[in-house]
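Peer 1: what follows is a predicted structure for the sequence shown.
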Amino acid sequence: MSLIGLTDVKAQLEIAANITEYDVLLTDLINDAVVQAESYMEIKMGKVTAGIVYLDGGQGVLYLPHINISAVTIWQDLGKVFANMDILDSIYYTVYGARGFIRRNGSAKFLAGNQVIKVRYDGGYDSISLPKDIKRALIKQIAYSFRRRKDLGLMSVTYPDGSISKMSVDEWLGDVKSIWDRHRRISL
C-alpha cells in the first residue's frame, strides 16, 4: 500500500475517479516521488512492524532506517547470536522516535563491532498517519511532474506577448524541498 493514494493525486489534478487512462502513469509517479523523497531525506517513511536491522556499534547513537519509531528492542552481542540475555535494558538508552534514532544515555556507547547491534522496532507511516505536510508536498510534486511530462527539460518559452520561465522537471518544487529539509535525517 502506497503512502499516497491514486484518488488523492487525481483529485489534485482534477481528473475524475472513473477516468483510468492515466492510472498506470500516476501510480509510477507516486512510487517514484516517494522513493526520491526518502532518498533526499535519508529516511524510510513506509510502515514497518517488527522491522529488524543489524547495525555497527561503537557509537553513542544508532540511526534506524525509518522515522516515527516505537516498540524498540536492542540486542548487543559480539558473537551475533542475539539471545534474550543480550537485550539491552531500555533504561540505558533514549529513543527519539520522530527522528528515527536511539542514543545511549550519558557518555556510554553501544558495543563496538561490525553488525553487533540488532534492533527490532515498529516505524514509519501508513497513508492515514503520514504527516499532512509530507502528504501535501508529495501530491503537489506528483501533480507537477504529471503536468510537465510533455515538456521535459523546457526551461523557458518566448511568445510575442511575453515569455514564461519554468523550473526543470527534475528539481523539487521550492516549497516541497523546504518540507523535505525540515524532515531530513539529522546526523549527530
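Peer 2: Perfect, thanks for sending it.
Peer 1: report pLDDT for Gly123.
Peer 2: Looking at Gly123, its pLDDT stands at 96.
Peer 1: for Leu25, give its distance to Leu6.
Peer 2: As for Leu25, its distance to Leu6 is 11 Å (criterion: Cβ to Cβ, to the nearest Å). For glycine as for every other residue, the C-beta is placed from the backbone atoms N, C-alpha and C.
Peer 1: out of those two, which sits in the busier spot?
Peer 2: A count of neighbours by other Cβ atoms under 10 Å puts Leu6 above the other of Leu25 and Leu6, at 16 against 12.
Peer 1: am I right that the more buried one is in contact with Ile30?
Peer 2: Yes - Leu6 is within contact range of Ile30, at 6.9 Å (criterion: Cβ atoms under 8 Å).
Peer 1: residue contacts, Ser2?
Peer 2: By Cβ atoms under 8 Å, 6 or more residues apart in numbering, the residues touching Ser2 are Thr27, Ile30, Asn31, Val34, Ser127.
Peer 1: for Asp8, what are its contacts?
Peer 2: Residues in contact with Asp8 (Cβ under 8 Å, 6+ apart) are Lys135, Ile139.
Peer 1: can you tell me the SS state at it?
Peer 2: Secondary structure, DSSP: H, G, I helix; E, B strand; the rest coil: Asp8 is helix.
Peer 1: swap in Ile186?
Peer 2: With three-state DSSP as the basis, Ile186 sits in coil.
Peer 1: show me what contacts it?
Peer 2: Counting by Cβ under 8 Å, 6+ apart, Ile186 makes contact with Arg99.
Peer 1: where in the protein is pLDDT low?
Peer 2: Along the chain, the model assigns pLDDT under 70 to residues 1, 152-157, 163-170, 188.
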